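> Here is my input, please return the structure:
(chains A and B)
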2 protein chains.
Amino acid sequence: MKKILLVFAIFGTLACNHAEEQSKVEAATPEAASEEKDSLPNFGIVIHGGAGTILKENMSDSLEQQYRAKLEEAVRAGHAVLERGGTSIEAIEQAINIMEDSPLFNAGKGAVFTNAETNELDAAVMDGKTLNAGAVAGVTTVKNPIDLAIAVMNRSEHVMMIGKGAETFAKEQGMEIVDPEYFYTENRYRGLQRVKDSEKTQLDHDQKTAFLDPFIKDSKYGTVGAAALDKHGNLAAGTSTGGMTNKRWGRVGDVPVIGAGTYANNKTAAISGTGWGEFFIRGVVAYDISALMEYKNLSLQEAAREVIQKKNVDLGGNGGIIAIDHEGNVAMEFNTAGMYRAKMNKDGALEVAIYGEK
Amino acid sequence: MKKILLVFAIFGTLACNHAEEQSKVEAATPEAASEEKDSLPNFGIVIHGGAGTILKENMSDSLEQQYRAKLEEAVRAGHAVLERGGTSIEAIEQAINIMEDSPLFNAGKGAVFTNAETNELDAAVMDGKTLNAGAVAGVTTVKNPIDLAIAVMNRSEHVMMIGKGAETFAKEQGMEIVDPEYFYTENRYRGLQRVKDSEKTQLDHDQKTAFLDPFIKDSKYGTVGAAALDKHGNLAAGTSTGGMTNKRWGRVGDVPVIGAGTYANNKTAAISGTGWGEFFIRGVVAYDISALMEYKNLSLQEAAREVIQKKNVDLGGNGGIIAIDHEGNVAMEFNTAGMYRAKMNKDGALEVAIYGEK
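Sure, this is the predicted structure:
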């Protein structure tokens, strides 16, 4: 458990200079089969499990293996949905559910603690075909907040629901309700105590320090998300999070803010973000990538680079996004040391990665 | 009181074909003074008090006069701040406070009731100079939610706070706290009963009807907002609302979603929206206007027209926006029958309007 804490507790550079060996599994198909595949409709999925100062030297082999295995399980689950003709919404739901149910990521089961020692979860989803969307904030009893966001989108006339009201809707819809105790994990609880201790020390010096310290900064991070293109040509994106360790005053980050942490539009791309939420809201990050594609004819990669490497950095924020466009091109862009991520295309080519590659 | 209800209770066309006499007060300055004014820094303010099926034939002269007088009072208060060199944030706060404190508008004192017969208020603000922003959702005890949004922006590291947590922050900041009873108005309470009765009848026929009926649709509306350019060249926008009559499940509209109902950027414009919130979120309306200006070099008027008259309509939504750009150009665009609105420029030229002019 302490090892997981270590990952978040490092004080280090944010530069992306750590090369890594990526666990690529190339699809070994004969030429004929490959040609046949080219004529199939394009599809693919890309996921993230949070971005931050994730450095190889602070990660045990065993823990790294756990992250890689869970990312692979999630991306494969989403890919399987797409392969059998399922929708992009179903694919991202599957992938996100697996990460929500794992204590490794700050979403669902692994959600961080608020200052009041509760777990308050946010999630959002957007359908690129209809531009319909769903978002929830501050829920404490819903096992899989992404499912609730999808229900808000598909089964209500609304886009956003918060707090107890959102939980009432979840019950009415027959969703899986858990005791708030379900979200207790020793690791996250210790994380809260550590941030509180650190805050206590630092408040004596300078209230702002808490927000300039990379360790505390990382306590803002941790989010899971997925973006997919299905065989029907439809895009979808979804994001789920426990928010920021030690958050108070009902603080909500970018996740449930459509256009900030989540956006999808069949004309452009499906995007899910992870990072310092306040800066993602102020930069309208996810929609900004779409707008640069639609209005300035930038490619997804160009737009993602402009927004994450330039605009987000200039504003003083950090984090990353994963995205897939209407042609199946994928972007996994981040300005932090690392981002848990994985992608899988229509040929079954899998890539799982954690650290920076530049 | 019944007359106010009537304004919202009309079943009519959404076409903007009602001409009106605008109460323009042209600044009667001698030529020399006028020339002197041209050399002064540009500044100005524009406000709205909600959009919907507002038709002259359903409005008594006395009620119309009340709306016009309150709009004029609000826009003049904001203008006075700008004239004496105050910031755009201070100007919009002043203007919005006056509308929040009036029972005429669905914000602050005049907030509509939720299904549970409570009043839950949302607000947001954005500073075009710093791209800093503040938003609150679901507060029940804060007299002026726009002040709380400004406090979140200026006195916390966060952008968005919701529910009880946001109220705790408000108390810590020494803001004016009121008993929830403060927001009780007979008119709004009757409005809720009327919507509930209507819903009961209509649910027997078709659950969707409730959302297609112009009367019910109007129960989604009502928001106040302001956008200003100050003498220092800085833009700001703010929005405040009681949300949708009969709302349940902690429903939140576009107001506290930065980029949807509120956005400001010194490079482009300051924008505040009012309308069917779900469609404003899905369309990322306020930021979309800014993006069209920044990325496609559209003027504010062209961008506002594109987003409100085309994109919002195509998506199935309705409503309007008020906005001011970095040169002081103003847009007041809506696709509903009317929008309560007023503007005042650096020369003191005042315009107050309610109905469509096209």
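
> can you map out the helices along the stretch 101-250 of chain A?
A:145-155, A:163-172, A:186-205, A:209-212, A:214-218 (DSSP state H, counting those that start in this stretch).

> okay, those helices, which one's buried deepest?
Each of the helices of the stretch 101-250 of chain A was assessed for mean neighbour count using mean count of other CB atoms under 10 Å in any protein chain shown. The highest is helix A:145-155, with a mean of 25. Where you see a C-beta, it was placed from the backbone N, CA and C, and this is true even at glycine.

> Please identify the buried residues of stretch A:84-96?
Neighbour-count burial for stretch A:84-96, counted by 16 or more other CB atoms under 10 Å in any protein chain shown, picks out A:86-96.

> Am I right that residue A:322 is in a strand?
Yes. Assessed with DSSP: H, G, I helix; E, B strand; the rest coil, residue A:322 lies in a strand.

> What residues does it make contact with?
Each residue near residue A:322 by CB atoms under 8 Å, 6 or more residues apart in numbering or on different chains is listed here: A:46-48, A:225-227, A:271-272, A:330-332, A:339, A:341, A:343.

> Least confident of these?
Ranked by pLDDT, the contacts of residue A:322 bottom out at residue A:339 (94).

> re earlier: mind telling me which of the helices of the stretch 101-250 of chain A the model trusts least?
helix A:209-212 (a mean of 37).

> before we move on, the earlier item: kindly reformat the helices of the stretch 101-250 of chain A as CSV and extend each row with distance to chain B.
Below are the helices of the stretch 101-250 of chain A laid out as CSV (distance: least, CB to the nearest CB, whole Å):
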stretch, distance to chain B
helix A:145-155, 8
helix A:163-172, 2
helix A:186-205, 12
helix A:209-212, 5
helix A:214-218, 10
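
> Out of the ones you listed, flag the one nearest residue B:295.
The minimum distance between residue B:295 and the helices of the stretch 101-250 of chain A falls on helix A:145-155, with 27.7 Å, by CB to CB.

> returning to that earlier point: now render the buried residues of stretch A:84-96 as CSV, adding secondary structure and pLDDT.
Listed next are the buried residues of stretch A:84-96 as CSV, based on DSSP: H, G, I helix; E, B strand; the rest coil; pLDDT from 0 to 100:
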residue, secondary structure, pLDDT
A:86, coil, 98
A:87, coil, 98
A:88, helix, 98
A:89, helix, 98
A:90, helix, 98
A:91, helix, 98
A:92, helix, 98
A:93, helix, 98
A:94, helix, 98
A:95, helix, 98
A:96, helix, 98
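
> List just the nearest of the residues you listed to chain B.
Nearest to chain B out of the buried residues of stretch A:84-96 is residue A:89 (CB to the nearest CB; 15.1 Å).

> Pretty sure the closest one sits against residue A:149.
No. Residue A:89 lies out of contact with residue A:149 (CB atoms under 8 Å); the separation is 10.4 Å.

> got any residues that touch both of those two?
A:125, A:238.

> What residues of the longest helix along chain A count as buried?
For chain A, the longest helix by residue count, based on DSSP state H, is helix A:61-83. Of all the residues in helix A:61-83, those buried under the rule 16+ other CB under 10 Å are A:63-64, A:66-68, A:70-72, A:74-79, A:81-83.

> Measure how far that helix is from the centre of its chain, please.
Put simply, helix A:61-83 sits 14 Å off its chain's centre (CA atoms, centre = their mean, to the nearest Å).

> Give me the residues contacting it.
Residues outside helix A:61-83 that contact it (CB under 8 Å, 6+ apart): A:3-4, A:7, A:23, A:43-47, A:49, A:56, A:87-88, A:90-92, A:94-96, A:98-99, A:102, A:104-105, A:226, A:228-231, A:340-344, A:348, A:350, A:352, A:354.

> Sort out which of the residues you listed are buried, if you could.
A:4, A:7, A:23, A:43-47, A:49, A:87-88, A:90-92, A:94-96, A:98-99, A:102, A:104-105, A:226, A:228-231, A:340-344, A:350, A:352, A:354.

> so which of those also contact chain B?
Taking CB under 8 Å from any CB of the partner chain as the test, chain B is in contact with none of these.

> low-confidence ranges in chain A?
Chain A contains residues with pLDDT under 70 at A:1-39, A:201-221, A:357-358.

> all strands in chain A, in order from the N-terminus.
Chain-ordered strands for chain A, with DSSP state E as the definition, fall at A:44-52, A:121-127, A:132-139, A:160-162, A:224-229, A:235-241, A:251-252, A:262-264, A:269-275, A:319-325, A:330-334, A:338-345, A:350-355.

> Give me the angle between the longest one and strand A:350-355.
Compare the direction of strand A:44-52 with that of strand A:350-355 by axes from the mean of the first three to the mean of the last three CA atoms, to 10 degrees and you get 10 degrees.

> excluding its backbone neighbours, what's nearest the residue of the stretch 1-150 of chain A found nearest chain B?
Closest to chain B within the stretch 1-150 of chain A is residue A:131: 4.9 Å, counting by CB to the nearest CB. Excluding its sequence neighbours, the residue lying closest to residue A:131 (CB to CB, 6 or more residues apart in numbering or on different chains) is residue B:282, at 4.9 Å.

> Wait, the one you found touches residue A:134, no?
No. Using CB under 8 Å, residue B:282 is not in contact with residue A:134; the gap is 10.3 Å.

> so what sits against both of the two?
Residues touching both residue B:282 and residue A:134 by CB under 8 Å, 6+ apart: A:126, A:159.

> The residue of the stretch 201-350 of chain A found nearest chain B: what's its closest spatial neighbour, skipping adjacent residues?
Nearest residue of the stretch 201-350 of chain A to chain B: residue A:250, at 2.4 Å (CB to the nearest CB). Distance criterion CB to CB, 6+ apart; nearest residue to residue A:250, sequence neighbours excluded, is residue B:165 at 2.4 Å.
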